[in-house]
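Colleague: Compute the structure for the input listed below.
(one chain, ligands or ions: 1)
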Amino acid sequence: MDAASNAVFWQEKWERGETGFHEARANPFLTRHFGALDLPVAARIFVPLCGMSQDMVWLAGQGYRVIGCELSEIAVERFFSDLGVTPDVVQVGTLRRFSAGAISIFAGNIFDLTPDALGPVEAIYDRAALIALPEDLRRAYVAHLLALTGSVPELLVTLAYDQSCLKGPPFSVDEGFVREAYGEAYEIRRLESREVEGGLKGRCPATENVWQFSPLGAGS
Ligand SMILES: C[S@@+](CC[C@H](N)C(=O)[O-])C[C@H]1O[C@@H](n2cnc3c(N)ncnc32)[C@H](O)[C@@H]1O
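Modeller: Prediction:
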């Protein structure tokens, strides 16, 4: 799937309200493990492909500043209206930035986001972003992410299963991919591994993995 078809696929998902990936509460892997990144107070956290995730609310509640990027304006508008706030909206290149309090979200394609528009960030949180993309786009995403942020600490949640069992998304991302794609920039540590109860979509045995990335050379 190319970048344009991927964008259409996700826009249509939001238009049809097919958002089974959305969680009503902050993700337990996030709340359990984000502290491992040991970030300064008020650090700026980038949340790529953020949907309308409650994880951003949790991060802001911890005192961080949050910058998301999400293709669908339906998701971004719903996120802020569910919070009961009216965001300021400014055009930034081809994207629109919605901001209220400690949370800003760029509505648009992440591949159109530039380092200048994003500004410096101290960390990345990726849940259901890397695994939302098919393999060719996934590689482009990793390269773009590194170009956007430099190698800053990251917490990544992945899912591994037999890809022949389901077409995806979510796509299976195994340890080999994680190490190959990120290993030149980061020291990689698995923090947790857990079977998906009842299998993925009730059908395929699957394991969720939580990874901590530390920039190579930092603190050593
Ligand atoms: C599986 S959802 C996960 C959303 C969120 N991370 C969560 O945990 O609920 C993947 C999201 O990525 C968005 N997305 C897909 N491709 C994108 C792109 N190229 N740029 C920005 N967002 C994109 C989709 O619209 C969708 O909301």
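
Colleague: Closest to the centroid, which residue in the protein?
Modeller: In the chain, the residue lying closest to the centroid (Cα atoms, centre = their mean) is Asp126, at 3.2 Å.

Colleague: near the ligand, which residues of this protein show up?
Modeller: 6-7, 10, 14, 21-22, 49-51, 53, 69-72, 75, 109-111, 127-129, 132 (Cβ under 6 Å from any ligand atom). C-beta coordinates here come from the backbone N, C-alpha and C atoms, glycine included.

Colleague: re the thing from before, what pairs with the residue nearest to the centre of the chain across the strands?
Modeller: Counting by DSSP bridges, Asp126 is bridged to Leu156.

Colleague: who are the neighbours in contact with it?
Modeller: Val47, Pro48, Leu49, Glu154, Leu155, Leu156, Val157 (Cβ atoms under 8 Å, 6 or more residues apart in numbering).

Colleague: shouldn't the second one be in contact with Leu71?
Modeller: Spelled out, that is Pro48. No - counting by Cβ atoms under 8 Å, Pro48 sits too far from Leu71 to count as a contact (10.6 Å).

Colleague: residues bridging contact with those two, i.e. touching both?
Modeller: Common neighbours of Pro48 and Leu71 (Cβ under 8 Å, 6+ apart) are Ile110.

Colleague: What residues of the least confident helix or strand in the chain by mean pLDDT count as buried?
Modeller: Within the chain, confidence by mean pLDDT, DSSP states H and E is lowest for helix 3-16 among all helices and strands, at a mean of 94. Buried positions in helix 3-16, judged by neighbour count with 16 or more other Cβ atoms under 10 Å: Asn6, Ala7, Trp10, Lys13, Trp14.

Colleague: can you list those in JSON lines and add distance to Ser193?
Modeller: Formatted as JSON lines, these follow (distance: Cβ to Cβ, whole Å):
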{"residue": "Asn6", "distance to Ser193": "28"}
{"residue": "Ala7", "distance to Ser193": "32"}
{"residue": "Trp10", "distance to Ser193": "28"}
{"residue": "Lys13", "distance to Ser193": "28"}
{"residue": "Trp14", "distance to Ser193": "31"}
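
Colleague: now, which of those sits nearest Cys204?
Modeller: Lys13 (20.1 Å; Cβ to Cβ).

Colleague: Please list all residues in contact with that closest one.
Modeller: Going by Cβ under 8 Å, 6+ apart, Lys13 touches Thr19, Ser72.

Colleague: And it, how far from Ser104?
Modeller: Distance check for Lys13 against Ser104: by Cβ to Cβ, to the nearest Å, it reads 23 Å.
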